[in-house]
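A.B. asks: A predicted structure for the sequence below; I have some questions about it.
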Amino acid sequence: MPSWTYPFLLRTIPPRYAVKYPSTLLLFLGIFIGISSCQKPQLELDFLIQGARVFNGENQDALLLDVGILGERLVLVGNASDYSIKAARTIDATGLYLSPGFIDPHTHLDRDLSSPDSSKRANLSALRQGVTTVISGNDGGSPLPVGRKLEEWERMGVGTNVGLFVGHGSVRRLVLGLEATQPSDHQLKEMEAIVAKSMEEGAFGLSTGLFYAPASFAKEEEVVALAKVVGAYGGIYDTHIRDESSYSIGLLASIEEVLSIGRKANLPVHISHIKALGTDVWGKSREVVALVEAALAEGLTVSANQYPYLASKTSLRATVIPRWAEAGGAEAMLSRFRTSENRDRLEREITENIRKRGGGESLVFSETANPAYEGMSLKEFSEKRLLSEAASVLAILEEEPGLGVISYNMVEEDVRHFMQQPWVVTGSDASSGHPRKFGSFVRKITEYGMRSNWIALPFAIHQSSGNTARLLGIVDRGFVKEGFFADLCLFNPLDLKERATFDSPYEEAEGMVYVFVNGQLVIELGNYTGVLAGKSLRHQPSL
Ligand SMILES: [Zn+2]
């Protein structure tokens, strides 16, 4: 037999032994196999996931890789055959994509996560979308003290990881109350101290909601002073801008204000739920993008998040009541409704605000105390009551000052244009009564990634995981990399389905086959396992 037909192994054995002493050949082989398996590093795993196409969290195509988990961490992302593996459990994920668990930088889920009901704390609205980390305390409203809330969640157990911003509105309310007032030097120092303490306790940055009273009374200097404190800790400035429409200073001036705060306070800025809200600013996404691109070119760190819907959700009060009428809180507002000179001015300004929102038919009541109003538009209400739309607002707020409203105020062109920007990540703005809480991450993949082909799948994944981790300063999540926490989701994009709608906003999304949080299986074959595996995340101050 010519020697080239031998495998390399056999050619190293003198042919005479091979021929004359077959048992010696077997002995040689046995030793070789023993040695070669000894040379392979041993790897003990809790889970070995094989057969999945893996998105690593960068904006890159998926690769066929094996993924191994031990304890809370990923210990293998590569080729299992390079190791001698002992796995407690092997998952055949053939036909599925594996992605880093998604990270949601803007939610109001601190309420669900604080519930005495563990099924609420499981955070299934997020987990069912593959979201394994949520940030809360946005729009200027956060629990205080931040550290105590993070410890409470650790004690009670929560379904996803959770981090917090410290809310400017909450701090302002604590120091200044609800009035349209400016802080004294002493009061500003007091606010700075609360922000500094919150950063020490692990806040990821400062959130503001400059659109909302009483935060709307704050001048830029006040925000800059607090943002400087956050910047010194390596945190970011996250904002619901002063005006997403044409209410006060306008959309473009509000973006300029964010950029100016970033420059003066020297920290990264993040625009929450970026949008062009209302008829007066439709189509302005191009100008907003141009402003941000110029700031990026100048060296500023700017990013944004977005939920992929054409309607927003907030309170009717925030939507159409002018801020001067809100000073002092709900009682003060209602007493202003009752004086005739205020009433004329109010009705005039409310009429104009309804126009900006696209008319009474585009404002639909949601989360109402009176079920008869649920799903009713302002236009329908006013026709029933035989009142003008402005007078209807005053009448219904007398009954229910905190009434929620779904506001159809965006156009597809702007939503798509923002979504395509590399600095715009996914964020749900999760709050009750809007399908975005249950569907944002899945909708971005299915509706904008696959159906309309507006963005590519690797981009949608990157903007929902790795990019978000980077901008928040989360150093060990958001990517499928060895050493990182094992937060993962596995799915077939063709089976993903957002089920929540504006008529039925509480339907959980479908299609996540497996979801891991900190190495624990929380969704298995589409079913919740009952495990509360989330951790409180603390930003590491970079002082
Ligand atoms: Zn907001």
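C.D. replies: Ah, there it is. Numbering: from 1, shown residues only.
A.B. asks: got a list of what residue 203 touches?
C.D. replies: 137, 142, 146, 163, 164, 165, 166, 230, 235, 539 (CB atoms under 8 Å, 6 or more residues apart in numbering). To be clear about C-beta, it is placed using only N, CA and C from the backbone, and glycine gets the same treatment.
A.B. asks: Output these as a markdown table; include the columns pLDDT, neighbour count and distance to the ion.
C.D. replies: Listed next are the contacts of residue 203 as a markdown table, based on pLDDT from 0 to 100; neighbours: other CB atoms under 10 Å; distance: CB to the ion, whole Å:
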| residue | pLDDT | neighbour count | distance to the ion |
| --- | --- | --- | --- |
| 137 | 98 | 30 | 12 |
| 142 | 98 | 24 | 13 |
| 146 | 98 | 29 | 19 |
| 163 | 98 | 25 | 17 |
| 164 | 98 | 30 | 16 |
| 165 | 98 | 33 | 12 |
| 166 | 98 | 30 | 16 |
| 230 | 98 | 29 | 18 |
| 235 | 98 | 26 | 19 |
| 539 | 96 | 24 | 21 |
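A.B. asks: among these, which are in helices?
C.D. replies: Taking DSSP state H as the definition of helices, the contacts of residue 203 contribute 146, 230.
A.B. asks: in the sheet, who's paired with the most centrally placed residue in the chain?
C.D. replies: Nearest residue to the geometric centre of the chain (CA atoms, centre = their mean): residue 104, 1.7 Å. Beta-bridge partners recorded for residue 104 (DSSP bridges): residue 134.
A.B. asks: gap between the residue lying closest to residue 158 once chain neighbours are set aside and residue 111?
C.D. replies: Spatial nearest neighbour of residue 158, chain neighbours left out: residue 534 (4.1 Å); criterion: CB to CB, 6 or more residues apart in numbering. As defined by CB to CB, to the nearest Å, residue 534 lies at a distance of 15 Å from residue 111.
A.B. asks: Comparing these two, which residue is more hemmed in?
C.D. replies: Taking other CB atoms under 10 Å, residue 534 and residue 111 do not tie; residue 534 has more neighbours (28 against 14).
A.B. asks: For that one, list the residues it contacts.
C.D. replies: 123, 132, 153, 157, 158, 159, 160, 161, 162, 517, 518.
A.B. asks: What about these, which are in helices?
C.D. replies: For the contacts of residue 534, the ones inside helices are residue 153, with DSSP H as the criterion.
A.B. asks: and the contacts of residue 534 as a markdown table, adding distance to residue 59?
C.D. replies: Below are the contacts of residue 534 laid out as a markdown table (distance: CB to CB, whole Å):
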| residue | distance to residue 59 |
| --- | --- |
| 123 | 27 |
| 132 | 19 |
| 153 | 32 |
| 157 | 34 |
| 158 | 30 |
| 159 | 28 |
| 160 | 24 |
| 161 | 23 |
| 162 | 26 |
| 517 | 24 |
| 518 | 25 |
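A.B. asks: Excluding sequence neighbours, find me the nearest residue to the closest residue to the ion within the stretch 51-200 of the chain.
C.D. replies: Proximity of the stretch 51-200 of the chain to the ion (CB to the ion) peaks at residue 139, 3.9 Å away. The shortest distance from residue 139 to any non-neighbouring residue, by CB to CB, 6+ apart, is to residue 209 (3.8 Å).
A.B. asks: The one you found reaches residue 217, doesn't it?
C.D. replies: No: using CB atoms under 8 Å, residue 209 makes no contact with residue 217, being 12.0 Å away.
A.B. asks: of these two, who's got more company?
C.D. replies: Legend: neighbour count by other CB under 10 Å for residue 209 and residue 217, higher for residue 209 (23 against 19).
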